[in-house]
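Visitor: I'd like to go over a predicted model; first the sequence, then the structure.
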4 protein chains.
Amino acid sequence: MAKFHKINTNAQPEINTGFGNNASSYGGRFINKDGGANIEKRGIKFLEKISWYHTMLLLPRWKFLLIILLFYICVNFLFGAIYFLIGVKSLGEIPSPSTLTDFAESFFFSTQTFTTVGYGRISPIGFLSSSVAAFEALLGLLSFALATGLLYGRFSKPVAYLRFSHNALIAPYKDINALMMRVVPFKNTNLVDAMANVTLGMTIEENGEKINRFYPLELEYSTVNALTLNWTLVHPITEKSPLYNFTKSDFENIKGEILVYIKAFDDMFSNTVVSRTSYTFEEIHYGGKFDPMFERDNSGNKTVVHIDKLNSFKHVSLNTYSAEAEIPTDDVVK
Amino acid sequence: MAKFHKINTNAQPEINTGFGNNASSYGGRFINKDGGANIEKRGIKFLEKISWYHTMLLLPRWKFLLIILLFYICVNFLFGAIYFLIGVKSLGEIPSPSTLTDFAESFFFSTQTFTTVGYGRISPIGFLSSSVAAFEALLGLLSFALATGLLYGRFSKPVAYLRFSHNALIAPYKDINALMMRVVPFKNTNLVDAMANVTLGMTIEENGEKINRFYPLELEYSTVNALTLNWTLVHPITEKSPLYNFTKSDFENIKGEILVYIKAFDDMFSNTVVSRTSYTFEEIHYGGKFDPMFERDNSGNKTVVHIDKLNSFKHVSLNTYSAEAEIPTDDVVK
Amino acid sequence: MAKFHKINTNAQPEINTGFGNNASSYGGRFINKDGGANIEKRGIKFLEKISWYHTMLLLPRWKFLLIILLFYICVNFLFGAIYFLIGVKSLGEIPSPSTLTDFAESFFFSTQTFTTVGYGRISPIGFLSSSVAAFEALLGLLSFALATGLLYGRFSKPVAYLRFSHNALIAPYKDINALMMRVVPFKNTNLVDAMANVTLGMTIEENGEKINRFYPLELEYSTVNALTLNWTLVHPITEKSPLYNFTKSDFENIKGEILVYIKAFDDMFSNTVVSRTSYTFEEIHYGGKFDPMFERDNSGNKTVVHIDKLNSFKHVSLNTYSAEAEIPTDDVVK
Amino acid sequence: MAKFHKINTNAQPEINTGFGNNASSYGGRFINKDGGANIEKRGIKFLEKISWYHTMLLLPRWKFLLIILLFYICVNFLFGAIYFLIGVKSLGEIPSPSTLTDFAESFFFSTQTFTTVGYGRISPIGFLSSSVAAFEALLGLLSFALATGLLYGRFSKPVAYLRFSHNALIAPYKDINALMMRVVPFKNTNLVDAMANVTLGMTIEENGEKINRFYPLELEYSTVNALTLNWTLVHPITEKSPLYNFTKSDFENIKGEILVYIKAFDDMFSNTVVSRTSYTFEEIHYGGKFDPMFERDNSGNKTVVHIDKLNSFKHVSLNTYSAEAEIPTDDVVK
């Protein structure tokens, strides 16, 4: 497999990435598009493997609300059944000929107790039903305490409201080429002191053995004071870059991945937020140039950012590097 | 436009500011006076563009309370209408001849359910009204859970309680001049490890093209251990400063902006807080000197800070630099 | 005032302390014993000067609970009065001959509404009383939402549970002397990566003018990996120290202050916590040595720290420095 | 005790560990297996020594719920007794011949008030019982506010979900040996920017006196970008290591401890989390090699981590160092 020999030997691999270098463990993708690690944990009980709090925070809103609704119905079914078994007489009711009516009465009494609304038309009389109702009211309050916490946790969780371009581009840059990706903040938050970290992950052959190698990709600017407009991450493909000498067909045939990691301080959350994504080689477009995303407002006193143009690019032809012998001098990219 | 040539070529521009250098995108102001970026986002749905949590946190108090009140009234109108449609009989009432009375009864029953106060004089009887009431009580509790979270988020949000002087001054400083701005903490908080960052943003002509340039302005002291009294940010206008050779009329005619960013650790919030502002050239007073803001208490055992004197300054004449050939020596400001 | 000449000219003052150097502003103490700055803010409205959240968080517990209780009573008095004015008939009651009884009934109805307990024996009937009750229930829920947030804020606020020795000592140290202070964590928290910063603040005469000067005091160790036992802060009084040549009577006669600042990561709060205190020269004991605070448990498998010994010290005589001409060599303290 | 002389004099001890160097204070273990310091605090009142918030957060779930339940029962017993003493007549009941029935009625009325469920079948009539009920409802709401905060604090507390291998190994490493420990994240969280710090703590003889000494153990890699798979901490035992020349019997006979400290940024909590553990010499296995913990999924597109293999290792023989005179060259481990 000749293509593996293309890796630029000037490039220094990075070792402490947190991914092993055992190629047989590589499962197609290191990082998923949404930023999570493509890893499964086994040999541990399901309940221990899950952080409930995190899981509840990350659920889509409709699932979260559905879970609350189902929980509410189930709990009241359970307690409704208990009151029904104790007997509606102990709720101060005359048993009706219809079992269903009695059960409904028990169920609704349960909801009135669990939510502590307690109208009182139905109310517990005997010792047993009073005890169950006292416990249910406690349980109800604690459940809503939990729900309060989860709701607060959900909307106060610091999140990096960043969108990445779907594609990375190999684009002309000065008189060489560069790998470019774009990111834009899309909500009304203020991100400052942003920092980007881009890593290439590939399976290569070394001494006849397939191993995973990770190479840091140096950026033109890896920090930015304030992330207000879009930010184009630019990795100039110099002779030191591990992507030096990669051709279009290399990107098509080799399995590799660009891992992107962004860290910033969100002064609305007053907290550090991070975001990750990855581009497989299939998601890299060879020969493109991003269209500008921002312009002056017509009125001339505002800058307008077009979020929907994030992935918009033109097809362009790339710079051809001079004969391989002629190495681009170091000061081209400084 | 000769004035653009004034820019000191000794000054090093800064590139990674997060603002583009495309001058045609400059919309009059980079940063608004309140610290937000002067940018509009388009090409994205309104609901996606907004972080609800942040928006609710930043609303003025009266608007926030008004929204809660309106929400409360609307929800009860809606549920009141449902109970009214089901019929007041199912609330255990004898329908009155007046529709309005019946609707009011339904509406107030709804409020009693939504807040879980549940007096019980009116209470659901049929299956339908009982179900709606059970759902409304759940909704009420979740709504107040949300309100609890928002209220907590509002008052616990780490905020830099800092006030900036309305004007920046060009003031005499040693035997040269300096750009000065003042900031003061105005609440009973403790700010430590404060750091300031001042940047000049201008549209200049380079190679016949108008571009935005940003220059870091070096401060005499850019950090302070504890922000207890007022802090005067001092940028000495040495020969290295991009403001070197700027005259009064330059500040009047050129469009430019001083971006100020302050970061500190608030040991009451136990969190990092940040604050930003900007001074357009129109807000710079050429030839002024801030009045002292603090003095000893009459009793002699306290220092008194006069917050209202933050922007108070005297008009003074500036130092004249010696002939341009004579460059102020480097050790003047060290 | 010859004593001001004692200041060691080898010592480098620090300028960015956040305190002014205008001696006429020095009010007896820079930092209060409890760590707050000894400063008063004027020229700003009382309500703007106060961060309500912080103020409520820092109140002693009994004051906080008293405020809640008084608020509860006042609100119910107010609403009770409204219901009373509307008339108890609209609460479904037959007006009693006693005004007091009617008012009590109104007051208790208000408490039942505000807390949403809503027994229902008394319940609103007319439109007016129903509306007021609907509003009061909303207000009640929001008030308790606020109380929930404040209670949570109070006990979750990251605090450095550190105690400082009441006195600082001038103690013998190797063959010279040192300024020593002790600090100990006194609760079941884990403090790691602790950092200390000690500054001397004094009013001195320079060029015939009285000014405030601040000198950083170098510590033997200014960081500690884990703050598990007590920590003795040691500033060796070498020839570079601003305290070099200070005699007992200097500490008695000069007005000066040692400012202490400690920062650590509390892994229970998962947050940075800070603590400050200050020692005036009157609180420095000249010639003392701290008693050990910790020892092995009798059973031999635990270390025991005696918090009550924090300020316990022995009176000892100090090392006498050799003739002033003979400067302690630099490697004595390294 | 010849074995104490084994300590490599090339190794530099560390002083600012937060543990004293007074050997007589060493109580068998510096850090407990769960990461807490093995220290007891005395000379301070129990209530002052405890941070209630932390204690409630760290309680096992069942204990926490039990405390809430017991508190609920006790409070209602207390208030039930008060209503009973006031007399059930003031609750609108006809006193029954049975004292128990009356007390039960009072108790359940109390639960209905404390939870604000307030059915209203029993409701306060006189001034006294109304006042007590008004106060109890307030107390109930504040108690549940507290419970809400504690519940939220419990599940939102940033925790490093890390597991350490039970044993540390002395394993062959290149042509020398190394001390190895393993750690693995076991929940669905994302840990980035992880940093490890390993210290050896021992009681040694110096100048005939027993003292505690701490030595930093240099790691092959002490940082890792993302903690996604397991992480093996490797301390190569070079001639600079304090463990150089340690034999199997040394580990068996000497009392010593390896302190491990890990710090990472959890991007789910958006917070720094830390974890500590320690290995006594008895927990170090001399001559072992960890089995791999991760592999490719059968389907080939995921990496699978086997958490249960964390401590699984093979017994292997170690590399023998060449004659002590021949010092391993520095570049073996670089």
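Guide: That came in fine, so what should we check first? Numbering: from 1, shown residues only, chains lettered A, B, ... in the order given.
Visitor: Using CSV, write out the CA atom coordinates for stretch A:97-106.
Guide: The C-alpha coordinates for stretch A:97-106 follow below in CSV (Å, rounded to 0.1, in the frame of the first residue of the first chain):
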residue,chain,number,x,y,z
PRO,A,97,-71.5,0.5,41.4
SER,A,98,-68.8,1.0,38.7
THR,A,99,-65.3,-0.2,39.5
LEU,A,100,-63.9,2.1,36.8
THR,A,101,-65.5,5.2,38.5
ASP,A,102,-64.0,4.2,41.8
PHE,A,103,-60.6,3.7,40.3
ALA,A,104,-60.8,7.0,38.4
GLU,A,105,-61.7,8.6,41.7
SER,A,106,-58.6,7.0,43.4
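Visitor: Quick one: distance of that stretch to the chain centre.
Guide: Taking CA atoms, centre = their mean, to the nearest Å, the mean C-alpha location of stretch A:97-106 is offset from the chain mean by 48 Å.
Visitor: List the buried residues in that stretch.
Guide: A:Asp102, A:Phe103, A:Ala104, A:Glu105, A:Ser106 (16 or more other CB atoms under 10 Å in any protein chain shown). All C-beta atoms are positioned from the backbone trio N, CA, C, and that covers glycine.
Visitor: what's the longest strand in chain A?
Guide: strand A:191-206 (DSSP state E).
Visitor: Check whether that one comes near chain D.
Guide: Yes - counting by CB under 8 Å from any CB of the partner chain, chain D is contacted by strand A:191-206 at A:Asn197, A:Thr199.
Visitor: same for the helix or strand following that strand, what does it pack against?
Guide: Proceeding N to C from strand A:191-206, the next assigned helix or strand is strand A:209-217, under DSSP states H and E. The elements that strand A:209-217 packs onto, with contact taken as 3 or more CB pairs under 8 Å, 6 or more residues apart in numbering or on different chains; DSSP states H and E, are strand A:191-206.
Visitor: A:Phe64: which element?
Guide: Going by DSSP H and E, A:Phe64 is in helix A:61-86.
Visitor: starting at the chain centroid, how far to that helix?
Guide: For helix A:61-86, the distance to the chain centre is 31 Å (CA atoms, centre = their mean).
Visitor: in that helix, what's buried?
Guide: Buried-residue list, helix A:61-86, by 16+ other CB under 10 Å: A:Phe64, A:Ile68, A:Tyr72, A:Ile73, A:Val75, A:Asn76, A:Phe79, A:Gly80, A:Ile82, A:Tyr83, A:Phe84, A:Ile86.
Visitor: hmm, it touching chain B?
Guide: Yes - legend: contact between helix A:61-86 and chain B by CB under 8 Å from any CB is shown at A:Ile68, A:Leu69, A:Tyr72, A:Asn76.
Visitor: which is the next helix or strand following that helix?
Guide: helix A:99-114.
Visitor: Pull out the buried residues from the following helix or strand past that following helix.
Guide: Next along the chain after helix A:99-114, taking DSSP H and E as the criterion, comes helix A:127-156. For helix A:127-156, burial by neighbour count (16+ other CB under 10 Å) applies to A:129-156.
Visitor: How about the contacts made by A:Thr277?
Guide: Counting by CB atoms under 8 Å, 6 or more residues apart in numbering or on different chains, A:Thr277 touches A:Ile31, A:Lys33, A:Asp34, A:Gly35, A:Phe164, A:Val260.
Visitor: For it, pull up the helix or strand it's in.
Guide: strand A:271-280.
Visitor: quick one: strands adjacent to that strand?
Guide: Strands adjacent to strand A:271-280 in the sheet, as given by DSSP bridges, are strand A:256-266 (antiparallel).
Visitor: how much distance is there from the partner strand to the middle of the chain?
Guide: Worked out by CA atoms, centre = their mean, strand A:256-266 lies 11 Å from the chain centre.
Visitor: And for stretch A:47-64?
Guide: 13 Å.
Visitor: one step back: out of the contacts of A:Thr277, who has the most neighbours?
Guide: A:Ile31 (25 neighbours; other CB atoms under 10 Å in any protein chain shown).
Visitor: Surely that one is in contact with A:Glu257?
Guide: Yes - using CB atoms under 8 Å, A:Ile31 is in contact with A:Glu257, at 7.1 Å.
Visitor: Find residues that contact each of the two.
Guide: Common contacts of A:Ile31 and A:Glu257 (CB under 8 Å, 6+ apart): A:Ser278.
Visitor: Report the closest residue of the stretch 201-334 of chain A relative to chain C.
Guide: Per CB to the nearest CB, A:Asn271 is where the stretch 201-334 of chain A lies closest to chain C, at 11.0 Å.
Visitor: what does chain A give?
Guide: For chain A, CB to the nearest CB, closest residue to chain C: A:Gly120, 5.0 Å.
Visitor: got the residues of the stretch 51-200 of chain A near chain C?
Guide: Residues of the stretch 51-200 of chain A lying near chain C (CB under 8 Å from any CB): A:Thr116, A:Gly118, A:Tyr119, A:Gly120, A:Thr148.
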